[in-house]
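Visitor: need the 3D shape of this:
(2 chains)
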Amino acid sequence: MTQHDSPDFRSRTRRELLRDTAGGFASASLAGLFGSSWLANRAQASSHRFAADQLARAAKAKSVIFLFMYGGPSQVDTFDYKPELYKHDGKTIDVPTFGRQGKRKGGRIVGPKWRFRPYGQSGKMVSDLFPYLGTCVDDIAFLHSMYAESPIHGSALLNMNCGRLLSGYPSLGSWINYGLGSANDDLPGYVVMLDETGGPINGAKNWTNGFMPASLQGVQVRTEGVPILDLAPPEDLSGRRQRLLLDHLAEENALHAEERPGNPELAARSAQFELAYRMQSEAPEAVELENESEATKAMYGLDHAQTRTFGRKCLMARRLVERGVRFIQVYSGGGHDDDNWDAHGDLVKNHTYHAGRTDRPIAALLKDLKQRGLLDETLVVWGGEFGRQPTAEYEEGTGRDHNSWGFTMWMAGGGVKGGISVGSTDELGAKAVQNRFHVKRLHATILHLMGLDPNGLSFPFNGLDQRLVGVEPVQPIADVLA
Amino acid sequence: MNPEPVDWLRFAGDLHPALVHLPIGMFVAALFVEIFLGRADGRAAIARRALWTATAVATLVTTTSGWFHGGSGDYDATALDNHRWPAVVMAGLVLIIALLDLFGREFRTFIGRTVALFAAAVVLLVTAHRGGVLTHGRTQLTKNAPTWFAELVHKLDKGGAAFAPVRRESEPATANADVPHDDATLVLELFTGRCERCHGPEKQKGGLRLDQAEGILSELTPGAALTSEIFRRVILPADDLDAMPPEGERISEDQLVALLRWINAGAPMDALEARQNEVAAIQTQRATELEQLRTKTGASIEAIGGEADGGLRVDFAFTDATPTAKAARALTPIAGRIVELAFAGKPVNDDFLRGLPALPALERLHAERSLIGDGGVAAFVAVAPNARYVNLHSSEVTGEALAALARLTRLERLVLFETGVTADELARFRKAHPSVDASGQAALPARPFEDGGPRRVLASDASTGRIALLREVGLGAYDQLWQHRVVDIHDLQLLENGNILFQESWTRILEVDPTTEEVVWSYDAKDGVEIHAFQRLPDDRTMIAESGARRIIEVDRAGRIQVEIPLKVDQPDPHHDTRLARKTKAGTYLVAHEKDGVVREYDAGGTVVWEYEVPLFGRKPASGYSFDAFGNQVFAALRLDDGNTLITTGNGHSVLEVTPAQEIVWKLEQDDLEGIRLAWVTTVQVLSNGNLVIGNCHAGANEPQLIELTRDKDVVWTYRDFDRFGNALATAQVIEDDWVAGR
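Guide: The predicted structure is shown next:
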C-alpha cells in the first residue's frame, strides 16, 4: 500500500464550507422543519457522491411509535415464557445477577406470577397480563435476547434513548428527524407523550437533540387540556401583528447569524419560532380526539377509567402518524416507585396495574393501524430500559431487581416480520444467551427500517463523525426484517 | 519485413489448456486397468505397463507446457501457485508409478505403486479443481451447488473455492435507462459505492484514497489488471485477510469484469471523470425537473429507493395543494418513475385519478380519507396495473370498485376499512383473491381469554371458619374479592346472578350478594337435621338434601316446600346420611350416601333408578381422615353428558368414572399424580377444557387442596393456601369465565 504525503485538506474544507455556509448546516438544522431531505442536501454538497438515491435506501417504515415501558417490565412475567421457572419458585439457586443491589451470585427464585397461554397462528406464549395484545402476536417480532449496558434507570434510559450511558448525545427520534426531515411542515417531527405521573428520570435528556440543532428535540404533547404548553399567543397579539413581529425577528436573527457562521443554534431558533407559529393552527386539530368514531374510542378503552389515559396517548399517536410525525414516544409509567414498571415490592400488584392500563390500548393501536393500512408503514416498538431478574430482590416478597443482562422487547409493522421470536435467555430468563442483541442492534434495526444507514448516518461533533450506534459498524437484526 | 520470431515456449504454454485433459483421461483409464488387472502378469501386464508409460509421458508434457503457460502473467499469482505445485507433485507421482511398474517385480513395489496411485488420485482432484478455479473463477464449482456441497468444498479447499455463491445484482431498472451502464460507470460505482467509505475523504485506511486519481493509479498497473494490487484484492476469497472489501457482500461479477476491462484498457481516468460529469448532469437535470414539478403541482416529490431504482414518491398529504386533474396531467414527465402516489386526508375526487397518465412503476396508492369513489378507482386501475398496495379506507368507494381492483394482478394489500364495501362483498373478494390481504374492520375480541382466562375460586374451610371468593392474579397469587364467616360447610355455589349460595352451619343456608353483603334468601332446617348439599335450580327453587330427615326437598323463594322425596339410607346417621347431592339434567337426583358407601339415583317419585356401591378393592377399612384412613365414604357424584358418573370416594382416596352398567372405565388413585398424595377426595368439577378439578381434603399443609388434572393425569394447576384455609377445605368451585384485564 502506498502512503500518501498528506490528506487532502482542501477537499475537506470545501465540504465543510458547503455544509456551514451555503445552506448546508443551516439546512441540516432545518431539515426537520422545512421538509427538505438532509440526505439529499448532503449528497449534493459532497460533489463526489455518485447517486443520492443510494443513500435513501428503500424505507419500509415512515414513522416510529416507541412505547416506552419505563421502569423495566419483567420479561419472565410477560413474553419470555420460562416453564422451568415456575417449578423453582421459592428455591434458592445460584444464578448471577446484576441490579441496583449490585452483583449477586444467586437468590430466591420468584416463579412467574402469571399463566402463559398460546396465541395466534404462531402459538406464541403470552402471559395473562396481556390477553388483548396476545391476539396481535402474529404481527409482532419478539426480541428475547436484548441486553443493555447499565442496570440503573438513569443511564439505562439514556442507553435506550440516545445510545450512550452519558448525557449529551442526541436521542433516537432526533437522529431519525435529522436523517429524514419532517414530512409535515406544520407539526414537529418528534413528539413525546409522558405518563400522567410525570416524566422518567433525567427528564428531557431522554428526548434531547444533544449536540444537534435544537429543532431536532422531542416536543412534549399532552393528551388533556392544552396539547403544547406556551404555544397559544397572548390574546392581544393578533395574527397580523404576530406575523410582522416574526418577520422582523427573522431579519434581525439573520443579521446576527451572518456574523456568526456555523452556529446551528441560531438557525434552529428562527426555525422554532416559525414552527410554533404554524403549530398554533395545526396542533389542536391533530390532537382533537372527539372526531374519532365511538367504536374507535371504545377500542382504545377510552370508556374505562383504567385504560383511558394510555388509550388517549395511543390514539393520539395514530393521529400523529397520519399527519406525518416521524417519531412518537409514549411513556407508560413515570414518577417514582410503583408509578412505573419498577416492581421492587409487590410484583403482582405493580405489573397487574401497568399491564391492565396498557394492554388494551396497545392492542387497539396495532389493530387500528392495521385496519387503516398504516401498520405496513409504521414501526411500533415496545420495551423498557431493561428487564427484571428471575430472583427476588429481598428476603420476602415477589419484587424483582433490575436486569440489563437479558430482557425482551418487541417490534411490529413497518417492515418487520410478524409471528416470530428471535434470540433467547437462559432457562431462568436471567441472561441473554443465544443471538444476543445489544441496544445498538435495536437502534440499527429501527434506522434501517426507516431507510437510513445506521453506519452512515453521522453528525460532525468534536472532530468526530458521531453516530447513534457508535464507531464500530452495527448490523440491523436481519432475522426480523420482512 | 521479417516476421516476428516465434516464441516457441509461449506456444507450448498455450497448448496447456488443450492438452490438460489428455493425461487425466489416461490416468483414469490406467486406474481402471490397475483395479481390474492388479498384479496380473503376461500380456495384460504389457498393456498395463504401456498405458502407465504413456500416461507418464502425457503428464510430463502437459505439466511442462503448463509451467510455461503460467509464465504468461495472465493469472493471479496465488491461485496459480495453488494449481502449479500440486500439478508438479502429480507429475512426479505418475512418473514413479510408471517406473515402479516397468522395473519392479517384487511385492514391495506393488505396494509402493498402490500407495502412489492413491496419492496421485487425490492430488489429481486438487490440481484439477484448482485449475478450474484459475480459469473459471473461484466459484466455478460452488456457484450453482447446494449449500452443503459449497460448504464442503470450502472446508476442504480454503485456498480455492469461495463458500458464498456470489449473488447477482438486480438488473438495472428501466427508470435509470438514461444513465449509461458501461464499464466506466460500473467502475465509478464500485469506487464511490464500496471503496470510498474507508478510502475516501472521511477515512483513509492504510493511507489510501480511492476518490482521487492519484490514489487509484497507485494501486494498479494500467493495462495489466491481473497484476494490479487493486484487482488482486477484490478477487481474493472473502476469508482472506487481504480481501477487499473486508466486510459486506463481495463485489458483483459485473463490476469485477468491468474493473478488469477498464484496467486492461489502460485505466483511463478521463472516462471515469466524463462519466461522473454525465451522471452529475443527469442528476442536475432531474433535480431541476423535479423542482419545476413541485412548483407546478404543489406536491412533495421525493426520491425513494425500492424496486425501481430512481423511483419517486409523490405526496400531497402534508402540502397546501389540493390535487386536481391539471396536477395529475402535469406528472406526465415523471410518470414512469412514480412508485408511490399519496393524497391521504385530502379532499381529492375522481377527476384527479381520471387525469393521471400511465403509471407503469406505481406500486402504492394512499387514497385513504379522500373523496375517491368507484369511478376513480376504475380510472386508477386502468393506468396503474402494477399496483401492490391500495389504501382506500374512509373513502367513498363501494363494492362496485372491487371488480376493477380485481384486475390488479400484483395486488398484495387492499385496505377498505370504513368504506361502502359490505362485509359480504369483502368476504367474497377475499375468497376469490386469496393472495390479496384485503382488510376491513379489525376488532379486538369482545372479551379477552375466549378460552377461559385466569379463574376465580370460591372455597371454604370450617376449620378456619371462612368462605372466600378469590381471583387468580398470577400463578399462586390471589386477590380476595369477598369472604364470610362460617361454622360448618360442605357445599357452596356462585350463582349466575353473582350472588353466593352457601351454608353458615349445618342448618342454615344463605344467599348473599357479595357486593352489598345483603342476605337475599335463606333457609333454616329443623334441629336434628344436617344439610350437606343444596343446589339452585333453573326454576329458581333450591334443592336441599337433609341428613337426619333423610329427604330431598325443593324450596321456592318464599321458603315453601314444593317437592319432597324420601331417601333410602341403610345406616342412618344425621351427620353421615348424605354428602353432596345434585339434580341431573334428566330431572333425577344423584345422591352420595356417605355412611352406606353408595351412590343412589332417585327419580321424581323417589324410586331408586340406579345405584352404585363404591368398592373397597379388597382393602380393609381403616379409621382416620388422612392418607392412612381407608373406606368408601363417598363424597360427590356427578353425572356426565355421556351418561357415566364421576364419583369421589372420600377416604377411598380416589375418583371413579362408572358407566350406567356399573363398570369402572377410569380411575384416579391415591398416588397417581406426580408429587401429590391424595387424602380425603371431596369435590369434583369438570372444566370447559375437559379437565377435572378435585378437592384434596385433610392432606396436610404440604399437599395442594385443589388440583386440576387432565384425564391423562397430568396436573396443570393446583391451589394450596394454608393462610386463608386449613386442613378442612372440603368444598370449592372454580369459576372460569370472569376476567377483564386487571379491572
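Visitor: now for whatever residue of chain A ends up closest to chain B, how many residues are close by?
Guide: Of all residues in chain A, A:G356 sits closest to chain B, at 2.2 Å by C-beta to the nearest C-beta. The C-beta positions use only the backbone N, C-alpha and C, and glycine is treated the same way. If you count neighbours by other C-beta atoms under 10 Å in any protein chain shown, A:G356 ends up with 20.
Visitor: dihedrals phi and psi, it?
Guide: In terms of degrees, to the nearest 10, the main-chain angles of A:G356 are phi -60, psi -30.
Visitor: report the secondary structure state of the closest residue to chain A within the stretch 51-200 of chain B.
Guide: Per C-beta to the nearest C-beta, B:T192 is where the stretch 51-200 of chain B lies closest to chain A, at 4.0 Å. Judged by DSSP: H, G, I helix; E, B strand; the rest coil, the three-state class of B:T192 is helix.
Visitor: can you list the weak-confidence ranges in the stretch 401-550 of chain B?
Guide: Residue ranges of the stretch 401-550 of chain B with pLDDT under 70: B:450-452.
Visitor: which parts of it are strands?
Guide: Taking DSSP state E, counting those that start in this stretch to define them, one finds strands in the stretch 401-550 of chain B at B:413-415, B:437-439, B:456-461, B:466-474, B:477-485, B:492-494, B:500-505, B:508-513, B:518-524, B:530-536, B:542-547.
Visitor: wait, the residue of the stretch 51-200 of chain B closest to chain A sits on B:P201?
Guide: No. B:T192 lies out of contact with B:P201 (C-beta atoms under 8 Å); the separation is 11.3 Å.
Visitor: of these two, which one has the most company?
Guide: When B:T192 and B:P201 are compared for neighbours, B:T192 comes out ahead with 21 against 17, by other C-beta under 10 Å.
Visitor: residue nearest the centroid of chain A?
Guide: Closest residue to the average C-alpha location of chain A: A:F66 at 4.1 Å, with C-alpha atoms, centre = their mean.
Visitor: element containing it?
Guide: A:F66 is part of strand A:63-69, with elements assigned from DSSP states H and E.
Visitor: any idea which helix or strand comes after that strand?
Guide: From strand A:63-69 onward toward the C-terminus, using DSSP H and E, the following helix or strand is helix A:83-87.
Visitor: go through that following helix and flag the buried ones.
Guide: A:L85, A:Y86 (16 or more other C-beta atoms under 10 Å in any protein chain shown).
Visitor: who touches that helix?
Guide: In this structure, residues lying in contact with helix A:83-87 by C-beta atoms under 8 Å, 6 or more residues apart in numbering or on different chains are A:V76, A:I109, A:G111, A:P112, A:P390, A:E427, A:L428, A:G429, B:L475.
Visitor: what's the farthest-apart pair in the residues you listed?
Guide: A:E427 and B:L475 (17.1 Å; C-beta to C-beta).
Visitor: how distant is stretch A:279-292 from the center of its chain?
Guide: For stretch A:279-292, the distance between its averaged C-alpha position and the chain's averaged C-alpha position is 23 Å (C-alpha atoms, centre = their mean, to the nearest Å).
Visitor: got the buried residues for it?
Guide: By neighbour count with 16+ other C-beta under 10 Å, stretch A:279-292 contains the buried residues A:M279, A:Q280, A:E282, A:A283, A:A286, A:V287, A:L289, A:E292.
Visitor: go through these and flag which are in helices.
Guide: Counting by DSSP state H, the part of the buried residues of stretch A:279-292 found in helices is A:M279, A:Q280, A:E282, A:A283, A:A286.
Visitor: do me a favour and get the end-to-end distance for stretch A:219-232?
Guide: For stretch A:219-232, the first and last residues are 15 Å from each other (C-alpha to C-alpha, to the nearest Å).
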